[in-house]
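Novice: Kindly return the folded structure for what I paste below:
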Amino acid sequence: MTALSGGPRANIRQVAAVAGVSHMTVSRVLNEHPSIAPATRERVLEVMRELNYRPNSAARALASRKSNRIGVVVDSVIEFGPASTLRAIEDAAHDRGYTVSTVALSADRSVTAHDALVNLMSIGIDALCLITPRTSSIDLLREVSSGIPTLVVKAEPEEDFFTVSVDQRMGAALATQHLIDLGHREILHLAGPLDWLDARGRERAWRECLERAGLRAREPVVGDWTSDSGYAFGGSMDPTVTAVFAANDRMALGLMHALHERGIRVPQDVSVIGFDDVTDARHFLPPLTTVRQDFRALGTLSVATLLAELEGGDVPHRTLIEPELVLRASAAPPHTAAPQAARGLPRGDVNGNIDAHDEL
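Specialist: Numbers count the residues shown, from 1 in each chain. Purely as a prediction, here's the structure:
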């Protein structure tokens with residue numbers, strides 16, 4: 001093995017690759033974590049010597065100075081999922097005597113994951129959490145060596161980081177299977193942006209659930225999480241569809257609004273299921289059947305994982321939290337009668353306002 005002398009300094013990822021271990025294992029060796037087997041520790045140290053690897057002394061000094069602070073990098077903080085996760089982590093950290101410092105990634109990517117990490121390390125943090133819906137942000141984080149416990153809130157496993165998440169695939173499967181059990185055979189998916197990890201997981205689970213039941217999976221319609229995108233889709237939705245699984249509650253709301261304007265009743269003509277169980281979902285007309293994510297449990301488990309790693313405990317690499325299907329009035333067995341629009345029944349006013357006395 002040849003040391004990288006005279007060229008770019010070896011980094012932690014190169015050490016991990018040569019030693020045949022994960023980036024997380026190298027970080028644990030650097031921080032003298034007790035869970036590392038002696039043989040693994042010696043192999044990593046030997047590779048460090050052979051590659052002439054020198055840890056960033058400034059970063060290690062900051063990391064070793066206990067601050068009782070968790071750094072959080074959050075992407076798309078205005079969206080319901082990331083915002084709810086951040087609040088839950090802040091509450092859980094406070095309960096454990098920690099503060100949270102947050103850096104939000106900008107929509108135009110002028111503030112990257114690298115910038116966020118540099119900012120947080122400069123003020124001193126004990127652990128790092130990344131709340132990101134996109135693969136691109138995780139890829140950027142992989143390029144940076146923080147040397148401290150790092151957790152990513154995502155459902156799919158990561159070799160280099162701890163992961164904690166609500167089980168997105170399970171939630172989508174619960175919603176889709178419920179529609180199948182009700183007797184629906186034409187079930188469309190109104191997906192979120194497919195560069196979002198959660199949206200991709202929900203879409204895959206919907207498709208797999210239909211395939212297992214021997215049903216056709218139509219091409220999903222891709223929205224942007226907003227009620228406006230659900231409304232736009234609902235204005236021209238194929239009338240042969242009897243049920244829609246929407247990837248979030250806001251798109252489900254817009255969809256139901258558009259269907260009402262067309263005289264198509266929910267759930268008599270079309271069943272609708274959402275995802276998230278936003279605070280107002282039970283007040284939709286009709287109240288929305290949806291998948292509830294336990295964000296409080298997500299925040300508690302994320303903080304507990306990071307602190308257990310700091311204290312040298314036995315920490316699971318990946319943890320999934322089960323979601324819950326909340327049954328309300330927006331989903332029912334398919335109805336064979338002609339939809340309301342064909343019978344010329346009331347549709348709501350020109351502004352889309354729904355009369356609570358109208359039959360939906």
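Novice: which non-adjacent residue is nearest residue 158?
Specialist: Nearest residue to residue 158, sequence neighbours excluded (C-beta to C-beta, 6 or more residues apart in numbering): residue 152, at 5.7 Å. Glycine gets a C-beta too; all of them are placed from N, C-alpha and C.
Novice: mind checking the backbone torsions on the one you found?
Specialist: With angles defined as degrees, to the nearest 10, residue 152 sits at phi -120, psi 130.
Novice: swap in the one 10 residues further on?
Specialist: Phi and psi for residue 162, reported as degrees, to the nearest 10, are phi -70, psi 150.
Novice: That one is in contact with residue 148, isn't it?
Specialist: No. Between residue 162 and residue 148 there is no contact under C-beta atoms under 8 Å: 11.7 Å.
Novice: Tell me which stretches of the stretch 151-300 of the chain form helices.
Specialist: 168-182, 197-212, 227-234, 249-261, 295-310 (DSSP state H, counting those that start in this stretch).
Novice: right, so those: which one is the most enclosed?
Specialist: helix 249-261 (a mean of 25; mean count of other C-beta atoms under 10 Å).
Novice: continuing past the helix or strand bottoming out on mean pLDDT in the chain, what's the next helix or strand?
Specialist: Using mean pLDDT, DSSP states H and E, helix 57-64 stands out as the lowest-scoring helix or strand of the chain, at a mean of 48. Under the assignment DSSP states H and E, the closest C-terminal helix or strand after helix 57-64 is strand 69-74.
Novice: Who does the residue nearest to residue 158 form a beta bridge with?
Specialist: residue 130, residue 163 (DSSP bridges).
Novice: thinking again about what came up before, okay if I get the helices of the stretch 151-300 of the chain as JSON lines plus distance to residue 27 and mean pLDDT?
Specialist: Listed next are the helices of the stretch 151-300 of the chain as JSON lines, based on distance: least, C-beta to C-beta, whole Å; pLDDT from 0 to 100:
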{"stretch": "helix 168-182", "distance to residue 27": "27", "mean pLDDT": "98"}
{"stretch": "helix 197-212", "distance to residue 27": "23", "mean pLDDT": "97"}
{"stretch": "helix 227-234", "distance to residue 27": "41", "mean pLDDT": "97"}
{"stretch": "helix 249-261", "distance to residue 27": "38", "mean pLDDT": "98"}
{"stretch": "helix 295-310", "distance to residue 27": "10", "mean pLDDT": "94"}
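Novice: and of the ones you listed, who's closest to residue 279?
Specialist: Closest of these to residue 279 is helix 249-261, at 9.6 Å (criterion: C-beta to C-beta).
Novice: got the angle between the closest one and helix 227-234?
Specialist: In terms of direction (axes from the mean of the first three to the mean of the last three C-alpha atoms, to 10 degrees), helix 249-261 departs from helix 227-234 by 40 degrees.
Novice: mind checking how far helix 249-261 is from the chain centre?
Specialist: 23 Å (C-alpha atoms, centre = their mean, to the nearest Å).
Novice: now for it, which elements pack on it?
Specialist: strand 187-191, helix 227-234, strand 243-246, strand 271-273 (3 or more C-beta pairs under 8 Å, 6 or more residues apart in numbering; DSSP states H and E).
Novice: Put together TSV for the ones you listed, with distance to residue 76 on each row.
Specialist: Listed next are those as TSV, based on distance: least, C-beta to C-beta, whole Å:
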stretch	distance to residue 76
strand 187-191	16
helix 227-234	15
strand 243-246	18
strand 271-273	23
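Novice: Only C-alpha atoms, please: export stretch 73-93 in PDB.
Specialist: Extracted in PDB, the C-alpha atoms of stretch 73-93 (Å, rounded to 0.1, in the frame of the first residue of the first chain):
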ATOM      1  CA  VAL A  73     -29.600  20.400   8.900                       C
ATOM      2  CA  VAL A  74     -33.200  20.600   7.500                       C
ATOM      3  CA  ASP A  75     -34.300  20.700   3.900                       C
ATOM      4  CA  SER A  76     -37.700  22.100   2.800                       C
ATOM      5  CA  VAL A  77     -38.500  23.200   6.300                       C
ATOM      6  CA  ILE A  78     -41.800  24.800   5.100                       C
ATOM      7  CA  GLU A  79     -43.200  21.300   4.200                       C
ATOM      8  CA  PHE A  80     -45.300  19.500   6.800                       C
ATOM      9  CA  GLY A  81     -43.100  16.400   7.300                       C
ATOM     10  CA  PRO A  82     -39.700  18.200   7.700                       C
ATOM     11  CA  ALA A  83     -41.200  20.900   9.900                       C
ATOM     12  CA  SER A  84     -43.000  18.400  12.200                       C
ATOM     13  CA  THR A  85     -39.900  16.300  12.500                       C
ATOM     14  CA  LEU A  86     -37.800  19.300  13.400                       C
ATOM     15  CA  ARG A  87     -40.200  20.400  16.200                       C
ATOM     16  CA  ALA A  88     -40.300  16.800  17.500                       C
ATOM     17  CA  ILE A  89     -36.500  16.700  17.700                       C
ATOM     18  CA  GLU A  90     -36.300  20.100  19.400                       C
ATOM     19  CA  ASP A  91     -38.800  18.900  22.000                       C
ATOM     20  CA  ALA A  92     -37.000  15.600  22.600                       C
ATOM     21  CA  ALA A  93     -33.600  17.300  22.800                       C
END
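Novice: List the buried residues in that stretch.
Specialist: 73-77, 79-82, 84-86, 88-90, 92-93 (16 or more other C-beta atoms under 10 Å).
Novice: likewise stretch 95-113?
Specialist: Of all the residues in stretch 95-113, those buried under the rule 16+ other C-beta under 10 Å are 98, 100, 102, 103, 104, 105, 112, 113.
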